Structure formats: structure tokens, C-alpha cells
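[1] here is a sequence together with a model predicted from it:
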Amino acid sequence: MLRKLVPKQSVRTIYDIQIDQLWSFGVRGIITDLDNTLVGARDPHATPELIEWLAQVRKLGFKVVIVSNNRRGRVSAFAEPLGIPFIYGAKKPTNVAFHKAMRLLGTNARQTAVIGDQMLTDVLGGNRMGLYTILVQPISVRDEGFFTKVNRRIEKLALSMMKKS
């Protein structure tokens with residue numbers, strides 16, 4: 001079970017991801033979390049830096065979809081101005097939203113990467129599906145919800161157990 005929590009790659013931020021390397025691995029679609037992955041959990045809009053990163057990713061040929069456990073209002077207000085398809089109320093780490101996202105991307109598991117800030121939702125869900133998982137450090141843990149805070153504690157416990165084994 002603990003192996004399913006280990007990402008293929010771990011980086012500080014999305015800007016540290018070697019996008020060219022992902023392409024060389026055969027990845028063509030990116031499923032990304034929203035809160036604390038792309039922007040802080042309370043940030044309503046994309047930063048100029050994020051807009052530029054997304055433009056570069058798309059220019060290279062990647063398709064992108066946002067998959068979030070958050071509510072429709074939050075996700076749509078962020079994604080629609082960027083022209084990015086989205087799935088809200090995703091119930092990650094269950095498989096349903098990941099399957100739906102791959103249909104939107106037109107990719108299979110080998111061609112899809114998942115980027116997120118939580119091991120128990122993004123990484124676990126992606127690894128269970130055989131996707132290329134990338135864990136980023138959360139942008140801000142200050143404004144996180146109750147369940148995310150619980151997940152963070154479980155993640156710390158899992159990391160300490162992994163270090164011991």
C-alpha cells in the first residue's frame with residue numbers, strides 16, 4: 001500500500017517539472033489538481049507566471065485538464081477563463097474522475113501524467129491507474145480545509161514509515 005503513495009517524480013513547484021522530459025516519456029496529457037498545486041487554495045485566479053507556463057505546455061502539444069475535489073463554483077471560476085476543461089467534485093483517489101479526464105484528453109494511462117500536492121488523493125489515485133505521478137509541494141497549507149489537514153497528517157505518518165522500511 002505504501003508504494004502506491006510514492007510519486008514517480010517529486011518537485012518543489014510545477015515550474016520545476018521538466019516538461020520536455022515528460023514529452024520524451026510519451027506523456028501527451030496532463031491531469032492537474034487545482035488548489036495548492038496551481039495556485040493557493042484561496043487564490044481565485046491564475047498568476048501571470050501560471051498563465052505563461054500553461055501556454056508553454058500547450059505550445060509543446062500537451063493537453064491539460066484540471067481534476068479537483070473542490071466544488072463546481074471554485075473550479076469553473078478558475079478554469080473557464082483559461083479555457084481548460086475541468087472535473088469538479090472528483091472524489092480522488094477513486095478512478096472515475098481519472099478515467100473521465102483521460103477521455104477528455106484522448107489519452108491512455110501510459111500517455112498521462114498527474115500533477116498534485118497530495119499523496120493520498122493525487123498520487124494514490126494516479127498510481128492506482130498506472131499514470132505518471134508528480135508530487136509538488138503545497139503552495140500554502142495555511143488556508144487548507146479540514147480533510148486536507150487530516151490527509152497531511154496521514155502523509156507525514158506514511159513518509160516516516162517509508163523512511164524506516
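    Yep, that arrived.

[2] for residue 103, see how far away the closest residue to residue 124 other than its chain neighbours is.
    Spatial nearest neighbour of residue 124, excluding adjacent residues (Cβ to Cβ, 6 or more residues apart in numbering): residue 93 at 4.2 Å. All C-beta atoms are positioned from the backbone trio N, CA, C, and that covers glycine. In this view, residue 93 and residue 103 are 18 Å apart by Cβ to Cβ, to the nearest Å.

[3] of these two, which one has the most company?
    When residue 93 and residue 103 are compared for neighbours, residue 93 comes out ahead with 23 against 10, by other Cβ atoms under 10 Å.

[4] now the more buried one, what's its secondary structure?
    coil (DSSP: H, G, I helix; E, B strand; the rest coil).

[5] wait, what's in contact with it?
    By Cβ atoms under 8 Å, 6 or more residues apart in numbering, the contact list for residue 93 reads 120, 121, 122, 124, 125, 128.

[6] contacts only, for the closest residue to residue 88 other than its chain neighbours.
    Counting by Cβ to Cβ, 6+ apart, residue 75 is the residue found nearest to residue 88 once chain neighbours are left out, at 4.1 Å. By Cβ under 8 Å, 6+ apart, the contact list for residue 75 reads 34, 66, 68, 86, 87, 88.
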